[in-house]
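# Need a 3D model of the sequence below.
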Amino acid sequence: MLAMSPFWRRPKSHQREYSARTAEGRAIIEEIKGHFPQREVVHTDMERDEAIAFCAWLRRIEGSEAPAPELWQSRAERIVLTTVRVQLERDMELTSGSPHLALSRNEALVLGPWVGRDAVFERLVTQESDEQRALWHLETWLEHELFVEYSDKRYRAIIDLAREQVIQDDRDAK
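Sure, this is the predicted structure:
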């Protein structure tokens, strides 16, 4: 059996683009909204050493456009990664065990393609480091949690919708 790469790594030629500016695109987006539980929360725990290293690494890259501009493809990614870091740091202050991470399904959908950017992270993360193990942990967890969305032929539209919703939720919170 051939191993399939995650859907966000497949060539764009295999993915149909849906624009919210067309009637067909708006219909697909409404169908997606009704089908996927976007407000549902997904949970995982992370090894403390990995979380400490990952949070320190996130702090270093959070505010910069460098070292890899392709690291940030959407404002939603910065929002979600700040949420991840703040949650992990807060949980580590409150407990001495493994920190717990809880994300909305939309936040998880934004995080999934971000942690899957191996080419970018090969330049930014030391091999066999706690940061790399944290990225692998998150990627594996998200592939399991979001299997239905990752398997859907409208994957790109689902991710775009999740990004829009994360940005809107951030605006609403301010």
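# Tell me where the model's unsure across this structure.
1-21, 25-26, 29, 32-39, 63-69, 118-120, 123 (pLDDT under 70).
# same thing but 50
The model of the chain has pLDDT under 50 over residues 1-15.
# Now do the helices in it.
Shown for the chain, the helices assigned by DSSP state H span residues 23-35, 48-62, 75-94, 105-115, 118-124, 130-145, 147-151, 155-173.
# Determine which stretch of the ones you listed is the most buried.
Of the helices of the chain, the one with the most neighbours on average (mean count of other Cβ atoms under 10 Å) is helix 105-115, at a mean of 25. In short, each C-beta sits where N, CA and C put it, glycine included.
# Identify the residues contacting that helix?
The contact list for helix 105-115, computed with Cβ atoms under 8 Å, 6 or more residues apart in numbering, reads 6, 8, 36-42, 73-74, 76-77, 79-81, 83-84, 103, 135, 138-139, 142-143, 145-146, 149-150, 158-159, 161-163, 165-166, 169.
# again, 7 Å this time
By Cβ atoms under 7 Å, 6 or more residues apart in numbering, the list of residues contacting helix 105-115 from outside reads 8, 36-40, 42, 76-77, 80, 83-84, 103, 135, 138-139, 142, 145-146, 149, 158-159, 162-163, 165-166.
# Next, the angle helix 75-94 makes with that helix.
For helix 105-115 against helix 75-94, the angle by axes from the mean of the first three to the mean of the last three Cα atoms, to 10 degrees is 100 degrees.
# what angle separates helix 105-115 from helix 130-145?
Put simply, helix 105-115 runs at 130 degrees to helix 130-145, going by the same axes, to 10 degrees.
# What's the local residue count around D152?
Using other Cβ atoms under 10 Å, D152 has 16 neighbouring residues.
# can you start the count at 34 instead of 1 from here on
That works, and once the first residue is 34, the last one we named lands at D185.
# isn't it right up against I191?
Yes. Between D185 and I191 there is a contact at 6.1 Å, judged by Cβ atoms under 7 Å.
# Only C-alpha atoms, please: export stretch 185-196 in CSV.
Coordinates of each C-alpha in stretch 185-196 appear next as CSV, following Å, rounded to 0.1, in the frame of the first residue of the first chain:
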residue,chain,number,x,y,z
ASP,A,185,-12.2,16.1,2.1
LYS,A,186,-11.7,17.1,-1.5
ARG,A,187,-12.5,20.7,-0.5
TYR,A,188,-9.6,20.8,1.9
ARG,A,189,-8.3,24.1,0.8
ALA,A,190,-11.7,25.8,1.2
ILE,A,191,-12.0,24.3,4.7
ILE,A,192,-8.6,25.7,5.6
ASP,A,193,-9.4,29.1,4.1
LEU,A,194,-12.7,29.2,6.0
ALA,A,195,-10.9,28.3,9.3
ARG,A,196,-8.3,31.1,8.7
